[in-house]
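Chemist: this is a predicted model, with the sequence first.
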There are 2 protein chains.
Amino acid sequence: MTSPTIPGEIKRGRPRSEQVERAILRAAADILAERGLEAMTIEDVAARAGVGKTSIYRRWSTKGTLALDAFLLDFLQSQPLPDTGSLDGDLVAVLRAWVRTARETSMGRALTELVAQAQYDPDLAAAWRQRVVGPTRAQHRRVFERAISRGEIPTGSDVDVMMDLLFGPAYHRLLHGHAPLSDRFIRRVVAMVVAGAKAGAAVPTTSR
Amino acid sequence: MTSPTIPGEIKRGRPRSEQVERAILRAAADILAERGLEAMTIEDVAARAGVGKTSIYRRWSTKGTLALDAFLLDFLQSQPLPDTGSLDGDLVAVLRAWVRTARETSMGRALTELVAQAQYDPDLAAAWRQRVVGPTRAQHRRVFERAISRGEIPTGSDVDVMMDLLFGPAYHRLLHGHAPLSDRFIRRVVAMVVAGAKAGAAVPTTSR
């Protein structure tokens, strides 16, 4: 059903430097999962990674951007690009993978805390858009574009709005906690997006 | 087009006590608008309201819950319950009012900061669900239920999922900032929700 995943951003450097970076990110990811972003300190990460604090500050200027890279260590790889042959099947697979990550892995806590922190930190907000939202949406865009080329949904459908209709409700329930991220919810959201798109409701009207 | 608004929660008390409470909330709302939740202190609020700090601590145990009540001072009144005669018209009016509040008033900043803070503060998260999400959704539920009773959309449509599809995309763009909360976006989201609902996609299937 699935195969390629979003490639992570590979940083160039000497092998030793890469090992240090990897150790720092692993330590940060573990501490994030255990204690959360607010309680995480650079001192803790340095101690657990077995490096000096300067090794961290040389690479990351803030705790938020370090946490973002630690989150990205596993996040993009956990989000598949499915190819089931139908828009409905692909969207259910995409949304299930995201909900699984958010609910069943330690990345869920980092996800909500990074979105929260980004409301106060413009640099983190920009990095979040560039390194999380950007690659994730580029991948989901392909799912909708394949549906357009198969003739499942009309040419000219607004892919950005359809992606917001798919992920917006999921983020809404994750961040507000007013209702569960159940599999029934996933199937209902996907059914609504597919039905709306097939009816041509995502095609901008020229009248206004 | 619009008329009743969600009634705010009225606290009982002697007139003098109500005046003090009102002054504290007004001061907190102004400081929130000017400096944001992170920079706001109880000292600042007390000074601006002309009361002692104990007058605040007697009523609110945390800065977060004080900020929530300050936000609620104007928020619910800014969210109308429209009755245009069609689901499409009602939902456009509802979403436009929310976007206007989020983008064009000082409540927008408090809105994002309170959602952010709720990720770290379970008491604030519970109060947010009870005092913001609850009354807002009760009102929007009526819009969908009227559409069901008019026969515009099928009986048995999942109102909770439809509300998530309406507000989830808007919160998504507000919190992630990846795309604008334009009027075109509003109309496209509403068109998708209405088309999906009319196609019966919000009605749970019995098969699975």
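Modeler: Here it is on my side, so go on.
Chemist: helices along chain A, start to end?
Modeler: Secondary structure of chain A (DSSP state H): helices at A:15-35, A:42-49, A:53-57, A:63-75, A:87-104, A:107-118, A:122-128, A:134-149, A:159-176, A:183-198.
Chemist: save those as CSV, and put in distance to residue B:109, mean neighbour count and mean pLDDT too.
Modeler: (Glycine included, C-beta is placed from N, CA and C.) Listed next are those as CSV, based on distance: least, Cβ to Cβ, whole Å; neighbours: other Cβ atoms under 10 Å in any protein chain shown; pLDDT from 0 to 100:
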stretch, distance to residue B:109, mean neighbour count, mean pLDDT
helix A:15-35, 27, 17, 92
helix A:42-49, 29, 17, 97
helix A:53-57, 31, 15, 95
helix A:63-75, 19, 21, 94
helix A:87-104, 26, 19, 97
helix A:107-118, 14, 22, 94
helix A:122-128, 13, 17, 94
helix A:134-149, 25, 17, 97
helix A:159-176, 17, 24, 98
helix A:183-198, 29, 23, 98
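Chemist: just put these in TSV and tack on distance to residue B:181.
Modeler: Shown next, in TSV, are these (distance: least, Cβ to Cβ, whole Å):
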stretch	distance to residue B:181
helix A:15-35	30
helix A:42-49	36
helix A:53-57	37
helix A:63-75	24
helix A:87-104	22
helix A:107-118	17
helix A:122-128	16
helix A:134-149	17
helix A:159-176	10
helix A:183-198	19
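Chemist: could I get those helices as CSV with distance to chain B?
Modeler: CSV is the format used below for the helices of chain A (distance: least, Cβ to the nearest Cβ, whole Å):
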stretch, distance to chain B
helix A:15-35, 12
helix A:42-49, 18
helix A:53-57, 23
helix A:63-75, 12
helix A:87-104, 10
helix A:107-118, 4
helix A:122-128, 6
helix A:134-149, 7
helix A:159-176, 3
helix A:183-198, 4
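Chemist: out of those, which gets nearest to residue B:52?
Modeler: Checking those against residue B:52 by Cβ to Cβ gives helix A:107-118 as the closest, at 32.0 Å.
Chemist: for residue A:10, report the pLDDT, please.
Modeler: We have a pLDDT of 55 for residue A:10.
Chemist: for residue A:114, see how far away the nearest residue to residue A:43 once chain neighbours are set aside is.
Modeler: Distances taken as Cβ to Cβ, 6 or more residues apart in numbering or on different chains put residue A:53 closest to residue A:43, at 6.6 Å, once the chain neighbours are dropped. From residue A:53 over to residue A:114 the distance is 22 Å, taken as Cβ to Cβ, to the nearest Å.
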